[in-house]
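Asker: here is a sequence together with a model predicted from it:
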Amino acid sequence: MRSLIRSRRSEPKALSLALALALGTPFPAVAAEATATAADDPAREKFSEGNLAYDLGEFDRALKAFSEAYRLKPLPAFLFNIAQCHRQLNNPSRASFFYRRYLSLSQGEPANADVVRELIAEMDAKVRVQEEQRRERERFARDRELQKAREQAALAEARANEARLAANPSAAREKNGASEALAMQVPDASVQTDAGASKPWTRRWYVWAGAGAVALLAGGAVWLATAPNPRDTTLGTVGR
């Protein structure tokens, strides 16, 4: 945050200093000198045009003017102003490039070198953020295209199946008949369960039949044992 505040506060001075360095004139006399000799020096005229556009916030126009000034007179100070325009236009990669070219091509270390290095660090950080945002947008676009392709493929397959069935009605009837036959073959577990559980065990005929036989046998045994003249329960012996 300190870097950003410092760079912005020092920006007007740095921009004016770039003009002074480009024209080879002392700093206090920059404005008057530029006005007096603008008609005699096309590069100076373009610089004045760019500086006015920059002050008005017309950064595209300022960039064009500074670039033309550099073509007319390739002085490193113009590169700094070009970098400033790119920074204002949110082109951090281009801004970082021109800041570096400014430092590289300047004779010795310029007076605003520390400010320029801070601006380079700021622009490089923005480049990384923009690159990550670009990759995220690309991932989102790819995922959306894949989803769209899957939906289109599924729709095309469904339409193809409908077309085949419409072209061959017998196949459609066979398909429906096979589905109905398969449904009939599957036993209904709920019906079987209800049928098996419809009568409790005490009401089933075979349970009572067996129970009745046991009761009759038991009654016969009791009657034999309590009869007035009980019969022999055995055949006896030959001698008896």
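Answerer: Everything's here; your move.

Asker: next, count neighbours for Gln84.
Answerer: Taking other C-beta atoms under 10 Å as the criterion, the count of residues near Gln84 is 25. For the C-beta atoms, the positions are set from N, CA and C on the backbone; glycine is no exception.

Asker: same question but for Gln147, I mixed them up
Answerer: A total of 10 residues lie near Gln147 under the criterion other C-beta under 10 Å.

Asker: also Leu89?
Answerer: Other residues near Leu89 number 14, with proximity taken as other C-beta under 10 Å.

Asker: and if you look at Ser67?
Answerer: Taking other C-beta under 10 Å as the definition, Ser67 ends up with a neighbour count of 18.

Asker: could you do Asp114 as well?
Answerer: Other residues lying near Asp114 total 13 when counted by other C-beta under 10 Å.

Asker: okay, Ala156: pLDDT?
Answerer: In this model, Ala156 is scored at 89, pLDDT.

Asker: what's the strand or helix carrying it packed up against?
Answerer: Ala156 is part of helix 113-167, with elements assigned from DSSP states H and E. Contact here means 3 or more C-beta pairs under 8 Å, 6 or more residues apart in numbering; DSSP states H and E; on that basis helix 113-167 packs against helix 2-9, helix 76-88, helix 92-105, helix 169-185.

Asker: give me that answer again for 6 Å
Answerer: With contacts defined as 3 or more C-beta pairs under 6 Å, 6 or more residues apart in numbering; DSSP states H and E, helix 113-167 has these neighbours: helix 2-9, helix 92-105.

Asker: got the angle between it and helix 92-105?
Answerer: Following axes from the mean of the first three to the mean of the last three C-alpha atoms, to 10 degrees, one obtains 150 degrees for the angle between helix 113-167 and helix 92-105.

Asker: out of the helices and strands packed on helix 113-167, name the one with the poorest average pLDDT.
Answerer: Taking the mean pLDDT of each of those, the lowest value is held by helix 2-9, a mean of 43.

Asker: could you list the low-pLDDT ranges of the protein?
Answerer: Counting by pLDDT under 70, the low-confidence segments of the chain come to 1-40, 171-240.

Asker: again, only this time at 50
Answerer: The model of the chain has pLDDT under 50 over residues 1-10, 12-14, 22-36, 201, 205, 209, 215-217, 221-225, 231-240.

Asker: so how far is Pro92 from Glu136?
Answerer: For Glu136, the distance to Pro92 equals 17 Å [C-beta to C-beta, to the nearest Å].

Asker: hang on, Phe78 packs against Ala69?
Answerer: Yes - in terms of C-beta atoms under 6 Å, Phe78 counts as a neighbour of Ala69; the distance is 5.3 Å.

Asker: before we move on, the earlier item: tell me which of Glu136 and Pro92 has more neighbours.
Answerer: Using other C-beta under 10 Å, the more surrounded residue of Glu136 and Pro92 is Pro92, with 21 against 10.

Asker: so that one sits against Met123, correct?
Answerer: Yes - counting by C-beta under 6 Å, Met123 is a contact partner of Pro92 at 4.0 Å.

Asker: I'd like the distance between Leu119 and Ser170.
Answerer: Taking C-beta to C-beta as the measure, Leu119 falls 79 Å from Ser170.
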